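Engineer: okay, sequence plus prediction incoming.
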Amino acid sequence: MMIRSKKHTRPKPVALIMLEGWGIAPASDGNRLISAAPYFSHLVEHYPVAALSASGDSIGLSAGLFSNGEIGHTVIGSGRLFFDIRREIDGKISKDLFASGKEFNSLRELVKTNAAVHLVGLLSSSETEASLKHLENLISFLEKEAVNKIYLHCILDGRETKKNSGKKLVEEFNTFLSKHNSCQIVSLIGRLYGLDEKNNISRTAKAFQLFAQGEGNIFASTQEAFTQTYDKKIFDEEFPPVVIKNELVDSTTIKENDVVIFWNYSGQGSYQLADYVINNLSNIKLVTLTDYGLADKALVLFSKPELSDSLGKIFSDANLKQLRISESAGFPNITTAFDSYSSSFSEGVYKKLIPSFANIPLLENIVDTIKQTRQAFVEAVQKSVYDLVIVTLSQIDLMAHNQQRDSLSLAVKAFDDNIKLMIESIEASGGVAIIVGTHGFAEQTIDPAAGTEIFSHSSNLVPLYLVGKGFEGYNLGWPEAVGGDLNLLKPIGSLVDVAPTILSLANLPIPKAMVGQSLI
């Protein structure tokens, strides 16, 4: 590339296109991105491209931990290191201060009424959304407060874990519960229903009907429930609503004046169900371990510090219009996590939800939502109304999680074709776009050493592309990808640098509170 520099005015629009599950890895059988995405190779040849870190302490996580959609959006939108609420809670547990906050005094008052306490959340060994340690401490706290009716409504994983790992995990947790006689597992359901992120309210309703009305298959024990359900080739993620019937208890459903505690520390998948519960049950007390963005509907036990001067707020304060576009799965990330769950501003912020449909095959649904997202993006760019257009594309990550590896390359090809049309609209408008991965996954679906399938996100670097006619043929001093191989790139920064870079492109001031630096 020829080295040039350019003084620029604010392009319109500045676009931020975030790709969930899109990292950098060597070519291999497990890398479903390289061969199916020729347009991305074109971008490498014609525009500046860099590698960014999206894991560990470079974005505020503990060493070895990696990003997900929620974390990636929060870091990108804030320009700051992620406030790891799980690490905060774990630190309090290690110091025996788990229940020391004033919020727990409020919880003590709630549980004094002798009503039942219902604990709802994800039981998973991956611990990326919920921690067994947090659940155990909640149970111990409630027993110290003399609560003698503690009912567990367990949501099974099978997405971040092996499809049938739930049985062993529940057996192990029942060993813990054997020492806590006031607490028992009373229902099981898969995360397809309990943690739907695609606005499929009918699925969320099934989980609600299980918890509140006892609607589900009835079994005498969790072991019997797993045995008979697995025999039908139905596994954890799609586990149907199950009631564990205890002859000593008449009913374990949620009733008026009961306390309902959601134990997930991540609100990414929990928000929809928690919101449904509080909107459909009167006179219950809703408690969430962390802030799910439910405003004043819930007592929040552990809160993150409120951030000011996020990317979205800066554009809003400058009276510039912004549009957020995503299909259902990514919508919470782009509308709440991106703003660090702050609702302190809304001026000039517009949202476009692309619906997903559960009644059609996944690949067909994926391709359709990619196409609809592209159409909404191109229409917004052509209107020349918005100064900032933010898009989240979570479809590739979703397909990788669903372990449809044979169809993943087809989805990536559709993705590649539609990104091409999106960028062509940016080039025609005179705008500029940053394309960045929020975390890795689809680039490494097979462990190269063991040859086994990988079911979770990766800690790989993610790509950043800077695209627009004003940057074609530029070298910004970034390392070049020799032979177009992004795997050879060393990182020039991390996700915290994306917001300052966008502000620099838009000729807007970078606040001191942002720890990231502009990359241009």
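Structural biologist: Received it, and whenever you're ready, just let me know what you need.

Engineer: name the residues of the helix of greatest length in the chain that are buried.
Structural biologist: For the chain, the helix with the greatest residue count under DSSP state H is helix 405-429. In terms of neighbour count (16 or more other C-beta atoms under 10 Å), helix 405-429 has its buried residues at 405, 407-408, 410-420, 422-423, 425-427, 429. Placement of C-beta: from N, CA and C, glycine included.

Engineer: repeat for stretch 177-184
Structural biologist: For stretch 177-184, the neighbour count (16+ other C-beta under 10 Å) marks Leu177, Cys183, Gln184 as buried.

Engineer: how about residues contacting the host helix or strand of the last one?
Structural biologist: In other words, Gln184. Assessed by DSSP states H and E, Gln184 sits inside strand 183-190. For strand 183-190, contacts defined as C-beta atoms under 8 Å, 6 or more residues apart in numbering pick out 119, 139, 142-143, 150-156, 158, 166, 170, 173-174, 177, 206-207, 210-211, 216, 222, 225, 235-244, 246, 249, 252.

Engineer: rerun that using 6 Å as the cut-off
Structural biologist: 139, 150-156, 177, 207, 210, 222, 225, 236-239, 241-244, 252 (C-beta atoms under 6 Å, 6 or more residues apart in numbering).

Engineer: inside strands: which ones of those?
Structural biologist: In strands, defined here by DSSP state E, the members of the contacts of strand 183-190 are Ile150, Tyr151, Leu152, His153, Cys154, Ile155, Leu156, Val242, Val243, Ile244.

Engineer: what's the third one in contact with, if anything?
Structural biologist: When contacts are counted by C-beta under 6 Å, 6+ apart, Leu152 touches Leu119, Ile185.

Engineer: what of the fifth one?
Structural biologist: For Cys154, the residues meeting the contact criterion (C-beta under 6 Å, 6+ apart) are Leu123, Ile185, Leu188.

Engineer: what's the helix or strand of the chain with the lowest mean pLDDT in contact with?
Structural biologist: When the helices and strands of the chain are compared on mean pLDDT, DSSP states H and E, helix 395-401 comes out lowest with a mean of 86. For helix 395-401, contacts defined as C-beta under 6 Å, 6+ apart pick out Glu20, Gly21, Arg159, Ala329, Ile366, Ile370, Leu408, Ala411, Phe415, Phe441, Ala442.

Engineer: all helices of the stretch 251-400 of the chain, in order?
Structural biologist: Taking DSSP state H, counting those that start in this stretch as the criterion, the stretch 251-400 of the chain carries its helices at 271-280, 311-317, 331-335, 362-383, 395-401.

Engineer: convert the last one to PDB, retaining C-alpha atoms only.
Structural biologist: As requested, C-alpha coordinates have been extracted for helix 395-401 and formatted as PDB (Å, rounded to 0.1, in the frame of the first residue of the first chain):
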ATOM      1  CA  GLN A 395     -25.800 -14.700  13.000                       C
ATOM      2  CA  ILE A 396     -22.500 -16.500  12.400                       C
ATOM      3  CA  ASP A 397     -21.900 -16.800  16.200                       C
ATOM      4  CA  LEU A 398     -25.500 -18.100  16.600                       C
ATOM      5  CA  MET A 399     -25.000 -20.800  14.000                       C
ATOM      6  CA  ALA A 400     -21.600 -21.900  15.500                       C
ATOM      7  CA  HIS A 401     -23.300 -22.200  18.900                       C
END
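
Engineer: let me know the closest of the buried residues of stretch 177-184 to Pro448.
Structural biologist: Distance to Pro448, by C-beta to C-beta, is smallest for Leu177 among the buried residues of stretch 177-184, at 39.4 Å.

Engineer: if I look at the closest residue to that closest one other than its chain neighbours, how far off is Glu143?
Structural biologist: Excluding the flanking residues, the one nearest Leu177 by C-beta to C-beta, 6 or more residues apart in numbering is Cys183, at 5.6 Å. From Cys183 across to Glu143, the span is 7 Å (C-beta to C-beta, to the nearest Å).

Engineer: Leu119 too?
Structural biologist: Counting by C-beta to C-beta, the gap between Leu119 and Glu143 amounts to 12 Å.

Engineer: so which of these two has more stuff around it?
Structural biologist: Between Leu119 and Glu143, counting by other C-beta atoms under 10 Å, Leu119 is the more crowded of the two (22 against 15).

Engineer: in the protein, where is pLDDT below threshold?
Structural biologist: Along the chain, segments meeting pLDDT under 70 span 1-8, 246-250, 358-360, 403, 405.

Engineer: quick check: Glu143 is in a helix.
Structural biologist: Yes. According to DSSP: H, G, I helix; E, B strand; the rest coil, Glu143 belongs to a helix.

Engineer: got the contact list for it?
Structural biologist: Ser182.

Engineer: spatially, what comes nearest to Thr438 if we skip its sequence neighbours?
Structural biologist: Excluding the flanking residues, the one nearest Thr438 by C-beta to C-beta, 6+ apart is Gly72, at 2.8 Å.

Engineer: against Gly60, how distant is that neighbour?
Structural biologist: For Gly72, the distance to Gly60 - C-beta to C-beta - is 12 Å.

Engineer: swap in Ser394?
Structural biologist: 22 Å.

Engineer: so between these two, which is more surrounded?
Structural biologist: Legend: neighbour count by other C-beta under 10 Å for Ser394 and Gly60, higher for Ser394 (28 against 22).

Engineer: I figured that one hits Ala329, correct?
Structural biologist: Yes. Ser394 sits in contact with Ala329 when judged by C-beta atoms under 6 Å, with a separation of 4.7 Å.

Engineer: counting neighbours, what do you get for Glu103?
Structural biologist: Neighbours of Glu103 using other C-beta under 10 Å come to 15.

Engineer: so what's Tyr151 up against?
Structural biologist: By C-beta under 6 Å, 6+ apart, Tyr151 lies in contact with His118, Val186, Thr252.

Engineer: now a PyMOL select for only the buried ones of those.
Structural biologist: A single PyMOL command is used to select the members of the contacts of Tyr151 judged buried by 16+ other C-beta under 10 Å:
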select buried, resi 118+186+252
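
Engineer: what's the closest of the contacts of Tyr151 to Ser384?
Structural biologist: Nearest member of the contacts of Tyr151 to Ser384, counting by C-beta to C-beta, is His118, at 50.9 Å.

Engineer: isn't the closest one right up against Lys255?
Structural biologist: No. If you go by C-beta under 6 Å, His118 and Lys255 don't touch, sitting 9.4 Å apart.

Engineer: correct me, but Glu103 touches Phe302?
Structural biologist: No. Taking C-beta under 6 Å as the definition, Glu103 is not a contact partner of Phe302, at 7.6 Å.

Engineer: how near is Ala205 to Gly269?
Structural biologist: Ala205 is 16 Å from Gly269, by C-beta to C-beta.

Engineer: between the two, who's got more neighbours?
Structural biologist: Ranked by neighbour count (other C-beta under 10 Å), Ala205 and Gly269 place Gly269 first, with 24 against 16.

Engineer: and the nearest residue to the more buried one once chain neighbours are set aside, how many neighbours?
Structural biologist: Once flanking residues are discounted, Gly269 sits nearest to Leu195: 3.5 Å by C-beta to C-beta, 6+ apart. Burial measure for Leu195: 28 neighbouring residues, criterion other C-beta under 10 Å.
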